[in-house]
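S.K.: Sequence first, predicted model second:
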Amino acid sequence: MIRFLLSLFAPFRWFIEKMGADYPQFISILKLKLTMDNRRLKGLGNTSNKETENALVKQSLSQIFFGLFFGMFLMMVKLPFTFYYFAHTFLMVMMAMMIISEFTTILFDTTENVIIQPLPIKGNTISLARNAHVFIYLSLIAINLSIVPIIISIFKFGVLPGLLFTFSIFLNVLFTLFLANILYLGIMHLASGEKLKNILMYFQIFIAILFMLAYQIGINLVDKTQIGNMVLPVYWYTFLVPPAFFSGVVEALSEGVFDLQHLVFIAEALIIPSMAVYFTGRYLTPVFNRKLLDLEQGDRVSKVKTENSRKGIWYRIMFPLFIHRKEERAPFKLLWIMTGRERLFIQSFLPSLAYIAIIIAVQFFSKSFNYNELVQSDRYLVFLYVFILAGATLSTALINGNNLHAAWIFRVIPLDSPADYFKGFIKAAFARYFMPFYIVLSTGIFIIWGVRVLPDVLIAFMSVYFFTILYFYVQTPIFPFGLEKSANQGGATFMKVMGLMAIAGILGYLHYFLLHLFNFANLLLIPVYISAIYYVNRISVYKLISWEKVDKVNNYS
Amino acid sequence: MDHQTIVEIHNLEKKYGQKQVLHDINLQINSGQIIGYIGPNGAGKSTTVKILCGLINDFEGDIKIFGKDLRTSTFEIKQQIGYIPENAVLYESLTPMEFMEFIGEMRGLENEITRTKAEVLMNIFEMKPNLNQRIATFSKGMRQKVLICSALLHNPDLIFMDEPLSGLDANSVIMVKEMLIHLAREGKTVFYSSHLMDVVEKISDRIILIDQGKVIADGSFEELNKLSNDENLEKMFTRLTGNTNHSEKAEAFINAFEK
């Protein structure tokens, strides 16, 4: 497979060399990277080959599935130009999201620099290989996402346009990769070292939120009945919109229209991506690489900050509220500090809080929004229970990270049951990130619905707390930030989210049902949740998390 | 000073899958001694230390530390031991103070006491100004110093060290050596695993040499020397572990380049 992928680069040898790379070295580095991915996917010997393949298949399936959704929307589009325009826009957006959320780590990966940098490698071979590496993965995802749209386009417009469309997808990926390079270089010019890492983190969070927002608003704004007959008029600025180049070229070549307008599109579609690639390879990646080396040195170069060991007022309020056992105190404090500093955690968890905020906010901006109707309804229950999704993200975000080998310290310390560690951990994260959010949310709810819904807010809070701790206790008991994120989690995550939505729905519905059964029936849930939380926190967690289980999944060397 | 038995190891065996790493190890270690535990790469040194510290639980044989069974009284034993791992990874987003406060609190020390101790210990290594900086910014030697300090916070009676000097500069090496001698004089026991023969030779009261998971020599340097007349530990090491043709190998190494 790797050899096949590498052979695909052979026809472009002259181009790669033109950009200042040494072709055999380029191929060797790329081969090394792909081989390492292959091994990494296979895990540390505990996952069998078959499971890995399954994970990859699952991931591909979920992407194809995603493409199917979009394909159903595309079905309605009658005009080829509009069709390809939408398809390319969709792809670009997805690619950009993927680069920012998944591939930044690969683009910024400096681990192999120690090995590769001292070797006599020509020019910007390393950075080109890095880009090619990302390009391979992006193309794979792009093709997965487009399988359904390609099939639809073949049925609608014929085989030739379908093939051209497939070809244009690669151009699109190249172009998007170029945009990402420019974007990151821009950011890298702003700062360096530790500060840069923080900026990148917040940038990623910002982008993730932006896409979510765009998606939510987009869905609400598009008038679905009009799409079918939609004609995209070509204005002067249409020539500046990248998806238009690609759709223009497909239309021109498949229908044989070669007027000025289409010639411009063809020129743009072919010239701009190749220019972009050349420009990236020749001028951008060297700068990128230099900056990257700075970044690696960043921790040493940037001014060393002295941390203030005093804890804020919020900590002092939350600590006595959540911690009643001596053994949980230190883990609580530890995680309180670390959740504020671990970038990967912040990066993967904060967007989920933002998503919830957006899901709630969008409710107020939809066309059918009516304030009086809202006040009459029980929709605050939806707002409260949507929160459960963040509970699950919190639990997973707490174990993802690169600190696999730092866990030994927990084993050296004398502690009867590791459950106390994990209790302290989840409570700290919950107290630090959920409590403020929940208080703001409930204040908003009190303003709209009045204080009479106080019991419901309390019940939902307990429900979310119960769910969050339970989810954390039943998941693999890996010490904080010790699970390395692998590229093959996509499919499983998708299924998990589906299951969680179902649970959130059931708990919410139970609440709703009791609310309407008879007066104050909802109050029955208070003792139920209190005893459930007590049971989980005091009894079952000690059975769920034992040293035996913890030792199996953690590495102490 | 009365020397009592601190560690008793009977028929210790350890396998990783099919591979047997430790073969029938039997040792008795008395208090107030510095034990130099040496052996070639992959001999099973770190594995032994990890078993004794409770990091590895599935082993065969019996181990008693402070007269208590390691399997059943891990908790009590861990309270009295300190462990300095080899090339250990620390949570980089923490500062040494935060890290040590966590350890201290988990070990039941008052926060005030932990803080004072941390300051004193780190000051010895001239690292007091770094106490509140993130570990991410530290060099290898600085990290090693943090590890040493955090392992000694609770004044353990038995200290396990796995290559504790790796990455330390010359001054720090001398300091740690002195520190170990002082600790032993106070009646602490130090179990010291290392490759650095000269250091082991100078400070160890007793030297245990293992090779391929077996103890092949055990005694003070003088005792061992009586048996064989090696001029130093390094010579003895090479003779016992069966690698005597170093110069031939070095020559082969040079020859490899000349073709």
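M.R.: It's in.
S.K.: Spell out the residue ranges of the helices in the stretch 1-150 of chain A.
M.R.: Assigned by DSSP state H, counting those that start in this stretch, the helices in the stretch 1-150 of chain A fall at A:2-7, A:13-18, A:23-42, A:49-75, A:80-98, A:104-107, A:113-116, A:125-157.
S.K.: For chain B, which of these is the nearest?
M.R.: Shortest separation from chain B across those is recorded for helix A:113-116, at 13.6 Å, computed as CB to the nearest CB. Any C-beta I mention is one placed from the backbone N, CA and C, and that applies to glycine too.
S.K.: picking up where we left off before, okay if I get the helices of the stretch 1-150 of chain A as JSON lines plus mean neighbour count and mean pLDDT?
M.R.: Converted to JSON lines, the helices of the stretch 1-150 of chain A look like this (neighbours: other CB atoms under 10 Å in any protein chain shown; pLDDT from 0 to 100):
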{"stretch": "helix A:2-7", "mean neighbour count": "12", "mean pLDDT": "84"}
{"stretch": "helix A:13-18", "mean neighbour count": "14", "mean pLDDT": "85"}
{"stretch": "helix A:23-42", "mean neighbour count": "17", "mean pLDDT": "78"}
{"stretch": "helix A:49-75", "mean neighbour count": "16", "mean pLDDT": "73"}
{"stretch": "helix A:80-98", "mean neighbour count": "21", "mean pLDDT": "81"}
{"stretch": "helix A:104-107", "mean neighbour count": "17", "mean pLDDT": "66"}
{"stretch": "helix A:113-116", "mean neighbour count": "12", "mean pLDDT": "71"}
{"stretch": "helix A:125-157", "mean neighbour count": "21", "mean pLDDT": "86"}
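S.K.: Residue A:456 is nearest to which of those?
M.R.: Within those, the stretch nearest residue A:456 is helix A:49-75; the backing value is 33.9 Å (CB to CB).
S.K.: With residue B:48 as the reference, measure out to residue B:18.
M.R.: Using CB to CB, to the nearest Å, one obtains 20 Å as the distance from residue B:18 to residue B:48.
S.K.: what about the chain, any weak spots by pLDDT?
M.R.: Here I'm looking at chain A. Scanning chain A for pLDDT under 70 picks out the ranges A:38-56, A:100-114, A:123, A:191-194, A:215-235, A:237, A:294-305, A:309-310, A:366-368, A:485-497.
S.K.: hm, I was asking about chain B
M.R.: For chain B, the stretches with pLDDT under 70 are B:1-3, B:243-244, B:259.
S.K.: Up against chain B, what does chain A have?
M.R.: For chain A, the residues found near chain B under the criterion CB under 8 Å from any CB of the partner chain are A:299-300, A:304-309, A:327, A:329-331, A:333-334, A:337-338, A:341-342, A:403-406, A:408-409, A:411-416, A:481, A:547, A:551, A:556-557.
S.K.: rewinding a little: of residue B:18 and residue B:48, who's got more company?
M.R.: The neighbour count for residue B:18 versus residue B:48, taken as other CB atoms under 10 Å in any protein chain shown, is higher for residue B:48 (30 against 5).
S.K.: ok, for the more buried one, nearest residue in space, not its chain neighbours?
M.R.: The shortest distance from residue B:48 to any non-neighbouring residue, by CB to CB, 6 or more residues apart in numbering or on different chains, is to residue B:22 (6.5 Å).
S.K.: Assign that neighbour to helix, strand or coil.
M.R.: Of the three states, residue B:22 takes strand according to DSSP: H, G, I helix; E, B strand; the rest coil.
S.K.: hang on, the earlier thing: who wins for proximity to residue A:262 among the helices of the stretch 1-150 of chain A?
M.R.: For the helices of the stretch 1-150 of chain A, distance to residue A:262 was read as CB to CB. The smallest value, 9.8 Å, belongs to helix A:80-98.
S.K.: ok, back up a step: got the contact list for the residue nearest to residue B:48?
M.R.: In this structure, residue B:22 makes contact with B:12-14, B:44, B:47-48, B:51, B:59, B:213, judged by CB atoms under 8 Å, 6 or more residues apart in numbering or on different chains.
S.K.: Emit the ChimeraX select command for whichever of the residues you listed are buried.
M.R.: Selection command for ChimeraX covering only the buried members of the contacts of residue B:22, criterion 16 or more other CB atoms under 10 Å in any protein chain shown:
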select /B:12,14,44,47,48,51,59,213
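S.K.: Which of the contacts of residue B:22 fall in helices?
M.R.: In helices, defined here by DSSP state H, the members of the contacts of residue B:22 are B:47-48, B:51.
S.K.: For those residues, please prepare JSON lines with the additional fields distance to residue B:164.
M.R.: Rendered in JSON lines, the data for the ones in helices among the contacts of residue B:22 read as follows (distance: CB to CB, whole Å):
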{"residue": "B:47", "distance to residue B:164": "17"}
{"residue": "B:48", "distance to residue B:164": "15"}
{"residue": "B:51", "distance to residue B:164": "18"}
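S.K.: Using the record's assignment, carve chain A into domains.
M.R.: Taking automatic domain parsing as the criterion, chain A consists of the domains A:64-111+A:121-299, A:319-553.
S.K.: Could you check how far the residue nearest to residue A:154 when sequence neighbours are not counted is from chain B?
M.R.: Ranked by CB to CB, 6+ apart and with sequence neighbours excluded, the top spatial neighbour of residue A:154 is residue A:162, at 3.7 Å. Applying CB to the nearest CB, to the nearest Å, one obtains 50 Å for the distance of residue A:162 from chain B.
S.K.: quick one: contacts of stretch B:205-223?
M.R.: By CB under 8 Å, 6+ apart, the surrounding residues in contact with stretch B:205-223 are B:14, B:20-27, B:33-40, B:43-45, B:48, B:184, B:200-201, B:204, B:224, B:233, B:236-237, B:240-242.
S.K.: among these, which ones are buried?
M.R.: When neighbours are counted using 16+ other CB under 10 Å, those contain these buried positions: B:14, B:21-22, B:25, B:27, B:33-40, B:43-45, B:48, B:184, B:200-201, B:204, B:224, B:233, B:236-237, B:240-241.
S.K.: Go through those residues and flag which are in strands.
M.R.: Those of those mapping onto strands are B:14, B:21-22, B:25, B:27, B:34-38, per DSSP state E.
S.K.: Tabulate those residues (CSV), appending distance to residue B:190.
M.R.: Listed next are those as CSV, based on distance: CB to CB, whole Å:
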residue, distance to residue B:190
B:14, 22
B:21, 23
B:22, 21
B:25, 19
B:27, 14
B:34, 5
B:35, 7
B:36, 9
B:37, 10
B:38, 14
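S.K.: about what we covered before: save the domains of chain A as JSON lines, and put in distance to residue B:254 too.
M.R.: Output for these, formatted as JSON lines (distance: least, CB to CB, whole Å):
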{"stretch": "domain A:64-111+A:121-299", "distance to residue B:254": "28"}
{"stretch": "domain A:319-553", "distance to residue B:254": "37"}
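S.K.: Next, format the helices of the stretch 1-150 of chain A as CSV and append distance to residue B:250.
M.R.: Supplementary listing: these in CSV, determined by distance: least, CB to CB, whole Å:
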stretch, distance to residue B:250
helix A:2-7, 38
helix A:13-18, 42
helix A:23-42, 31
helix A:49-75, 42
helix A:80-98, 52
helix A:104-107, 42
helix A:113-116, 26
helix A:125-157, 34
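S.K.: Before I go, just wanted to say thanks for your time.
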